[in-house]
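In: model this:
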Amino acid sequence: MSRLTWLGKKSILEGSWLAQMMARKPKMLVAIALANKMARTIWAMLTKETDYRDPTISATA
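Out: Predicted structure coming up:
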């Protein structure tokens, strides 16, 4: 929840997954969804023994 409060609406990229969720869901639900997404990402990285790949960099390359 503090991450969403810290970010505010100014620094969230328009059209991103987070911006779309913030537009249609309550803040607490978005915080839970973000925590779940981060946990799934970390789990996948640990089980596959890979490094984090930033999706914004991957999309532009």
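
In: W43: how many residues sit nearby?
Out: Per other Cβ atoms under 10 Å, the neighbour tally for W43 reads 10. From N, CA and C alone the C-beta is placed, and that goes for glycine too.

In: again but with I12, I slipped
Out: 17.

In: So which helix or strand of the protein has the lowest pLDDT on average?
Out: helix 2-7 (a mean of 65; mean pLDDT, DSSP states H and E).

In: In terms of secondary structure, what does the helix or strand following that helix contact?
Out: Using DSSP states H and E, the helix or strand that follows helix 2-7 towards the C-terminus is helix 17-24. Here helix 17-24 is seen to pack against helix 27-48 when contacts are counted using 3 or more Cβ pairs under 8 Å, 6 or more residues apart in numbering; DSSP states H and E.

In: Check which residues of the helix it packs on are buried.
Out: Residues of helix 27-48 classed as buried: V30, A31, L34 (neighbour count, 16 or more other Cβ atoms under 10 Å).

In: The last one and L18 touch, don't they?
Out: Just to be clear, that refers to L34. Yes - taking Cβ atoms under 8 Å as the definition, L34 is a contact partner of L18 at 6.9 Å.

In: P26 versus I32, what's the distance?
Out: To P26, I32 is 10 Å away according to Cβ to Cβ, to the nearest Å.

In: Which residue is most remote from the mean position of this structure?
Out: Relative to the centre of the chain, the most outlying C-alpha is that of E49, 20.6 Å out, by Cα atoms, centre = their mean.

In: which phi and psi does it have?
Out: E49 adopts backbone torsions of phi 50, psi 50, taken as degrees, to the nearest 10.

In: Find me the pLDDT at it, would you?
Out: According to the prediction, E49 has pLDDT 91.

In: so who does it touch?
Out: By Cβ atoms under 8 Å, 6 or more residues apart in numbering, the contact set of E49 is empty.
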